[in-house]
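A.B. asks: following is a predicted model, sequence given first.
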Amino acid sequence: MNPDAHILLCREAQVPLPLIFDMGKSFAHSYSQKEGSNPNHTHEHTHDHEHEHHHSDHLANDGFISVGFQSQHPFRLEAFQQFLNELPHQVFRAKGLLWFADNDQRYIFQLSGRRFNLDVDPKVRPDSIQMVLIGRELDPAQIQAMLSACLAA
């Protein structure tokens, strides 16, 4: 164990991200902002897949945004690979349960930085896609359009 390591007290892993990412104190003043104060948040949906909007103070207060995506249709593997190649550099983390056309397995997807893992989940048959991406200065509409373009018809 590192004797110089800092110990952060928290409740349910709620820690200001600048303390983890060593971003300095410039974000400290923003921790008092109210939940849901992000003017870029919209809740209109008129299509056959869903987007979840996560209202987490610690993400928004640190300048991060999360973009959720759900669909009852599988992705096309080649299209998803292209999505990963074109993923905006502002996306730092992503997780999801994925399903690809012409495949009867569900996959557990995790991305951190530019590295990702895609592991088979042998316990569950796929019936939907659920995914969340976390980053800074993200354009939710752009990311959702990119993911929608990956869906099999």
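C.D. replies: Perfect, thanks for sending it. Numbering: from 1, shown residues only.
A.B. asks: least trustworthy helix or strand in this structure by mean pLDDT?
C.D. replies: Sorting the helices and strands of the chain by mean pLDDT, DSSP states H and E puts strand 49-50 at the bottom, at a mean of 53.
A.B. asks: now Gln144: how far from Pro16?
C.D. replies: For Gln144, the distance to Pro16 (C-beta to C-beta, to the nearest Å) stands at 28 Å. All C-beta spots, glycine's among them, are computed from the backbone N, C-alpha and C.
A.B. asks: what does the nearest residue to Cys150 once chain neighbours are set aside show for phi and psi?
C.D. replies: Distances taken as C-beta to C-beta, 6 or more residues apart in numbering place Ala79 nearest to Cys150, at 4.0 Å, with adjacent residues excluded. Note on Ala79: backbone dihedrals following degrees, to the nearest 10 are phi -70, psi -40.
A.B. asks: correct me, but Ala79 touches Ser148?
C.D. replies: No. Ala79 lies out of contact with Ser148 (C-beta atoms under 8 Å); the separation is 10.1 Å.
A.B. asks: just checking, Gln110 touches Val132?
C.D. replies: No. With contacts counted by C-beta under 8 Å, Gln110 stays clear of Val132, the gap being 10.9 Å.
A.B. asks: need the contact list for Leu151.
C.D. replies: The neighbours of Leu151, taking C-beta atoms under 8 Å, 6 or more residues apart in numbering as the test, are His49, Ser71, His73, Pro74, Phe75, Arg76, Ala79.
A.B. asks: bridged to it, which residues?
C.D. replies: With DSSP bridges as the criterion, Leu151 is bridged to Phe75.
A.B. asks: all helices of the chain, in order?
C.D. replies: Under the criterion DSSP state H, the chain contains helices at 17-21, 57-61, 77-86, 140-148.
A.B. asks: by mean pLDDT, show me the worst of these.
C.D. replies: Ranked by mean pLDDT, the helices of the chain bottom out at helix 57-61, which scores a mean of 57.
A.B. asks: picking that back up, quick check: the gap between the residue nearest to Cys150 and Leu151.
C.D. replies: Using C-beta to C-beta, Ala79 is found at 8 Å from Leu151.
A.B. asks: before we move on, what about Arg125?
C.D. replies: Look at Arg125 and Leu151: by C-beta to C-beta, they are 19 Å apart.
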